[in-house]
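[1] sequence plus the predicted model coming up.
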Amino acid sequence: MSDLNEIKIVPEGRQTIWNKAFIDIFVINIILNMGQYMMNTLIPKFAEHLGATAAIVGMVSGMFAVTALSVRPIVGPATGYFRKNLLLAVAVGNIALGYICYGFSGSIPMIIVGRLLQGIGMGFLAPVLLALASDALPCGRMASGIGIYSLGQAIAAAVGPTIGLELTGVIGYNKTFFIGAVIMGVVLVLALRLESEKPVRTEKFKISIKNMVAIEVIVPTIIMFFLGGTYSCINSFIVIYGGVCGVKQIGLFFTAYAVCLLFSRPISGRIADRYGMDKAIIPGILVYALSFIIISFARSLPMFIFAGAVSAFGYGVCQPSIQAVCMKLVPKERRGVAGNTNYIGVDSGFLLTPMLAGYIVTFVQNQSNNEVLGFAFMYRVMTIPILIALVIFWIKRKEMTVKDDDALRTFKYETTRE
């Protein structure tokens, strides 16, 4: 039987994105990200509130990646050995413990403890969720489906940071972190109720390079190291930068970003599925670099809002598209490992880049005695790693991107043998 004939017997129901499994994951993703965006936006501001310098703020912001990276060796094997919904519940429980630590903290060391606990959960969370979402999607609609799945993040980003900042003004930082822990408790219950296939265990649980890292996705992982690392500089410093510029309601930056994601991600997913991933990713990286230039010149709320919108058409397009590339480059049973590999790059970027950015800010501020210039210069420097990512993608694009018809021929595991 030819490849094309095999493709024709894919069950019709598998071609829809909106099946029950995907809807459950989509809802969990919204609630989870709501708590994450409420809390993560506050960590740098809370550290500054406790007297931290820009360099320390950068260190605290990236500290969760230490433990996230340390658990990566077991994430890949675990996704192939244990039920993914149980792994999700354990991950969310660790994040809740981290938020509880924030709630009790009154010093930088206690924040770091919470950050490390959160990192353990984050190490499992993203690849497990991505694997669950991709398992619920037909291969031919992977980019569109991942784009829609990531809208949960966009919806939460539209309101989460603003709610978090408003709550701190009413009840303070510590009580706001306890609210975040309650939200994670809700997600934990939903995760336990989630339907998940029991893995077929052909051998004992073991840790090996093959189970930790998918060599097939090393190039997109390196690209995400540069893109994810620079994005973390937005999350780590934009609220502080806005405050230094005297901008009120800086949380609207995230609202503008999220609202534009609602438009950009579904459109980019359709473009990627129909015309090829490169048609979405290359313009996305260029626009993303432009957003950093705009941020560096922003001094008023309208400029920050505009920068947030532009960045949504940059990073907001690149992230799910590159994740979809990773899912398409491996067979279904190794999607958890591929997602884990991808997030090794993201976590490494989140760990190293904010620290570097914080030192750049502190150095420029000390030399110029100008707080605004320190942040502005840092954001301009961050365009360099973005352009490096563009060069890598341009060189390797033919090896990583396939059009929909080619993808269907390659991934015959989506077919039945009835």
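    The structure has been received and is ready for your questions.
[2] give me every residue that touches the closest residue in space to residue 114 that isn't next to it in sequence.
    Counting by C-beta to C-beta, 6 or more residues apart in numbering, residue 101 is the residue found nearest to residue 114 once chain neighbours are left out, at 3.2 Å. Glycine gets a C-beta too; all of them are placed from N, C-alpha and C. Contacts for residue 101 were tallied using C-beta atoms under 8 Å, 6 or more residues apart in numbering; they are 110-111, 113-114, 117.
[3] buried ones among those?
    Buried by 16 or more other C-beta atoms under 10 Å: 111, 113-114, 117, out of these.
[4] tell me which of those residues fall in helices.
    If you go by DSSP state H, the buried ones among the contacts of residue 101 have 111, 113-114, 117 in helices.
[5] low-confidence ranges, the stretch 151-300 of the chain, go.
    Low-confidence segments of the stretch 151-300 of the chain, defined by pLDDT under 70, span residues 196, 199-203, 205-206, 208, 211.
[6] element containing the residue nearest to residue 114, please.
    helix 84-104 (DSSP states H and E).
[7] tell me the buried residues in that helix?
    84-85, 87-103.
[8] if we can go back for a sec, with the buried ones among the contacts of residue 101 in mind, which one is nearest to residue 275?
    Nearest to residue 275, judged by C-beta to C-beta, of the buried ones among the contacts of residue 101 is residue 117 at 43.1 Å.
[9] the one helix or strand residue 367 maps to - what's its average pLDDT?
    Element membership of residue 367, judged by DSSP H and E, is helix 335-368. Confidence over helix 335-368 (mean pLDDT, whole number) is 87.
[10] following that helix, which helix or strand comes up?
    Counting by DSSP H and E, the next helix or strand C-terminal to helix 335-368 is helix 371-381.
[11] contacts for that following helix next, please.
    In contact with helix 371-381 (C-beta under 8 Å, 6+ apart) are residues 54, 233, 237, 240-241, 244-245, 292-293, 295-297, 299, 357, 360-365, 368.
[12] try it again at 7 Å.
    In this structure, residues lying in contact with helix 371-381 by C-beta atoms under 7 Å, 6 or more residues apart in numbering are 54, 237, 241, 244-245, 292-293, 295-296, 357, 360-361, 364-365.
[13] likewise stretch 67-78?
    Under the contact criterion C-beta under 7 Å, 6+ apart, stretch 67-78 has outside partners 87, 116, 119-120, 122-124, 127, 205-207, 211-212, 336-337, 340, 344, 347-348, 351.
[14] so who does residue 300 touch?
    Residue 300 makes contact with residue 247 under the criterion C-beta under 7 Å, 6+ apart.
[15] next, it: phi, psi?
    The phi/psi pair for residue 300 (degrees, to the nearest 10) reads phi -140, psi 160.
[16] so how far is residue 96 from it?
    Separation of residue 300 from residue 96 (C-beta to C-beta, to the nearest Å): 38 Å.
[17] ok, residue 260 - contacts?
    Residue 260 touches 309, 312-313, counting by C-beta under 7 Å, 6+ apart.
[18] return the distance of it relative to residue 253.
    Counting by C-beta to C-beta - residue 260 and residue 253 are separated by 11 Å.
[19] what of residue 265?
    18 Å.
[20] for residue 299, same thing?
    Noted for residue 299: a distance of 13 Å to residue 253, by C-beta to C-beta.
[21] please apply the same query to residue 53.
    Separation of residue 53 from residue 253 (C-beta to C-beta): 23 Å.
[22] neighbour count winner among those two?
    Counting neighbours by other C-beta atoms under 10 Å for residue 53 and for residue 253 shows that residue 253 has the greater number, 29 against 16.
[23] run the chain-centre distance for the helix or strand harbouring the more buried one.
    Under the criterion DSSP H and E, the helix or strand holding residue 253 is helix 252-275. The chain centre lies 14 Å from the centre of helix 252-275; the measure is C-alpha atoms, centre = their mean, to the nearest Å.
[24] after that helix, which helix or strand is next?
    helix 278-297.
[25] which strands and helices sit next to that following helix?
    Counting contacts by 3 or more C-beta pairs under 7 Å, 6 or more residues apart in numbering; DSSP states H and E, helix 278-297 is packed against helix 252-275, helix 301-312, helix 315-328, helix 371-381, helix 383-400.
[26] reformat those as TSV; add distance to residue 164.
    Shown next, in TSV, are the helices and strands packed on helix 278-297 (distance: least, C-beta to C-beta, whole Å):
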stretch	distance to residue 164
helix 252-275	10
helix 301-312	16
helix 315-328	20
helix 371-381	21
helix 383-400	27
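[27] which stretch among the ones you listed comes nearest residue 281?
    helix 315-328 (5.1 Å).
[28] quick one: the closest one to helix 252-275, angle?
    Here helix 315-328 runs at 40 degrees with respect to helix 252-275, directions being taken by axes from the mean of the first three to the mean of the last three C-alpha atoms, to 10 degrees.
[29] so what's the residue count around residue 188?
    18.
[30] what's the following helix or strand after the helix or strand containing residue 177?
    Assigned by DSSP H and E, residue 177 belongs to helix 173-192. Downstream of helix 173-192, the next assigned helix or strand under DSSP H and E is helix 209-212.
[31] for that next one, the distance to its chain's centre please.
    Put simply, helix 209-212 sits 22 Å off its chain's centre (C-alpha atoms, centre = their mean).
[32] tell me which residues of the following helix or strand past it come out buried.
    Sequence-wise, the next helix or strand downstream of helix 209-212 (DSSP H and E) is helix 218-244. Of all the residues in helix 218-244, those buried under the rule 16+ other C-beta under 10 Å are 218-242, 244.
[33] ditto for stretch 276-284
    276-281, 283-284.
[34] relative to residue 224, how far out is the residue lying closest to residue 126 once chain neighbours are set aside?
    Distance criterion C-beta to C-beta, 6+ apart; nearest residue to residue 126, sequence neighbours excluded, is residue 343 at 4.9 Å. As for residue 343, its distance to residue 224 is 8 Å (criterion: C-beta to C-beta).
[35] so for the two, which residues contact both of them?
    By C-beta under 7 Å, 6+ apart, residue 343 and residue 224 have no common neighbours.
[36] so what's the closest residue to residue 355 other than its chain neighbours up against?
    Computed as C-beta to C-beta, 6+ apart, the closest residue to residue 355 that is not its neighbour in sequence is residue 58, at 4.9 Å. Taking C-beta under 7 Å, 6+ apart, we find residue 58 in contact with 236, 354-355, 357-358.
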